[in-house]
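*Asks:* Here is my input, please return the structure:
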Amino acid sequence: MDSPGLPLVSIVTPSFNMDRYIIRTIESVLSQDYPHIEYIVMDGGSTDDTLKILQGYGDRLQYFSEPDKGPSDAVHKGFQRARGDIFAWIGADDTYLPGAVRTAVEALMARPEIDVIYGEGNWIDEHGAVISRYPTLPFDPKILERDCFICQPASFFRASAYRRCGLDPDVNMSFDYDLWIRMAQQGIRFQMMPQYLAGSRMHHDALTLNQRDTVFRASIGLLRRHYGYVPFSWAFGYAAFLHDGRDQFFQPVKYSLRNYLASLPTGLRLNPTKRLRFLKDWLAAPLGAIRRRLR
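*Replies:* Next up, the predicted model:
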């Protein structure tokens, strides 16, 4: 890809006490073969060796260390400082694959009508080994009502689209899901691409696993706020978690009759104004995934 006329890509990493992983994240950004990257690390006031690591990169990146309200606030502050035409953010424990930025830019340049490009991704473990494919799906706003299928570190979007509908600094659990929902509701256009772009790290210290109840409550809250309805899949998952405490990643959810039955009062409680709709979805479920799993 020739350099003249290429758009500037601004990449933000939110970080707080992530010295265990952040070097691999930084290197995955700085080793990209795309020539116009502005890289900003927004640190929340780390007390580990993060600042020492950041200082070691000199002017290859910008970093700011100050208190924030959480990762969503940190990313939002980073984008407020950013000068790029294309935005992306990558967590301090995630990584880009080689050529990811170039591939995303080429896709956005080829499709001027598209605002958000997202690729395939892998779940990776604490050592960087692939666990499995991230369950990405082609974009469908109806599916978004029940599932976050966009791999966040594999997503890139036009700065103009972000400014129309930015991150909510007060939402710090499932904040990427919240952004995708609001973007879709405002008519911002998404496109999935088949290339693998990133690794999303899953480890036992990750907030999505060690604060599972909080994540469930936050996700359920945003579904109720944006759609006024909590689908069966979320009610089932939450009821199962309340019963057995499994993290539902390293310890997969149990598709048992007990959890299925428990999901009914849970779903009715979560949908006080749409109980009939939930009951219909609950009754239909054994004809699909639940019945097949029990077999």
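*Asks:* show me where the stretch 1-150 of the chain has strands.
*Replies:* For the stretch 1-150 of the chain, the strands defined by DSSP state E, counting those that start in this stretch occupy 9-15, 37-43, 62-65, 86-89, 95-96, 116-124, 130-133.
*Asks:* which element follows the helix or strand harbouring L197 toward the C-terminus?
*Replies:* According to DSSP states H and E, L197 maps onto strand 190-201. For strand 190-201, the succeeding helix or strand toward the C-terminus, using DSSP H and E, is helix 207-210.
*Asks:* Kindly list the main-chain dihedrals of the residue nearest to E145 when sequence neighbours are not counted?
*Replies:* Sequence neighbours aside, Y227 is the residue nearest to E145 in space, at 5.3 Å (criterion: C-beta to C-beta, 6 or more residues apart in numbering). (Each C-beta comes from the backbone N, C-alpha and C, glycine too.) Backbone torsions of Y227, given as degrees, to the nearest 10, read phi -120, psi -10.
*Asks:* For R164, see how far away Y227 is.
*Replies:* According to C-beta to C-beta, to the nearest Å, Y227 stands 20 Å off from R164.
*Asks:* so what pLDDT did the residue nearest to the spatial centre of the chain get?
*Replies:* Among the residues of the chain, the one closest to the centroid is Q152, at 3.7 Å (C-alpha atoms, centre = their mean). Looking at Q152, its pLDDT reads 97.
*Asks:* list the contacts for it?
*Replies:* Counting by C-beta atoms under 8 Å, 6 or more residues apart in numbering, Q152 makes contact with 89, 91, 176, 200.
*Asks:* hmm, try it at 7 Å
*Replies:* Counting by C-beta atoms under 7 Å, 6 or more residues apart in numbering, Q152 makes contact with D176.
*Asks:* Show me where the stretch 101-250 of the chain has its helices.
*Replies:* 141-144, 159-164, 175-185, 207-210, 212-227, 232-244 (DSSP state H, counting those that start in this stretch).
*Asks:* Which residues does the second one contact?
*Replies:* Put plainly, it is helix 159-164. In contact with helix 159-164 (C-beta under 7 Å, 6+ apart) are residues 79, 84-87, 115-116, 183, 186, 188.
*Asks:* Including pLDDT and neighbour count, could these go into TSV?
*Replies:* Compiled in TSV, the contacts of helix 159-164 are given as follows (pLDDT from 0 to 100; neighbours: other C-beta atoms under 10 Å):
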residue	pLDDT	neighbour count
F79	98	21
G84	98	19
D85	98	16
I86	98	26
F87	98	25
D115	98	21
V116	98	23
M183	97	21
Q186	95	11
I188	97	20
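*Asks:* so which pair among these is furthest apart in space?
*Replies:* Farthest pair in the contacts of helix 159-164 (C-beta to C-beta) is G84 and Q186. Separation: 20.9 Å.
*Asks:* Pull up the per-residue confidence for the residue nearest to M192 when sequence neighbours are not counted.
*Replies:* Excluding the flanking residues, the one nearest M192 by C-beta to C-beta, 6+ apart is P138, at 4.9 Å. On pLDDT, P138 comes in at 97.
*Asks:* low-confidence ranges in this structure?
*Replies:* 1-4, 207, 287-295 (pLDDT under 70).
*Asks:* quick revisit: which stretch among the strands of the stretch 1-150 of the chain approaches Y260 most closely?
*Replies:* The nearest among the strands of the stretch 1-150 of the chain, by C-beta to C-beta, is strand 130-133 at 24.7 Å.
*Asks:* and that closest one, which strands flank it?
*Replies:* According to DSSP bridges, strand 130-133 forms sheet pairs with strand 116-124 (antiparallel).
*Asks:* what does the strand it pairs with contact?
*Replies:* 104, 107-108, 130-134, 136, 150-151, 153-157, 161, 183, 188, 190-202.
*Asks:* For the residue nearest to M192, give its distance to R20.
*Replies:* Taken as C-beta to C-beta, the span from P138 to R20 is 35 Å.
*Asks:* the more surrounded of the two?
*Replies:* With neighbours defined as other C-beta atoms under 10 Å, P138 and R20 compare such that R20 has more, 15 against 11.
*Asks:* quick one: that one from D48, how far?
*Replies:* 8 Å.
*Asks:* Next: D68.
*Replies:* 16 Å.
*Asks:* neighbour count winner among the two?
*Replies:* D68 (22 against 13).
*Asks:* show me what contacts the more buried one?
*Replies:* Contacts of D68 (C-beta under 7 Å, 6+ apart): 44, 74, 77.
*Asks:* Got phi/psi on it?
*Replies:* Torsion angles, degrees, to the nearest 10, at D68: phi -140, psi 180.
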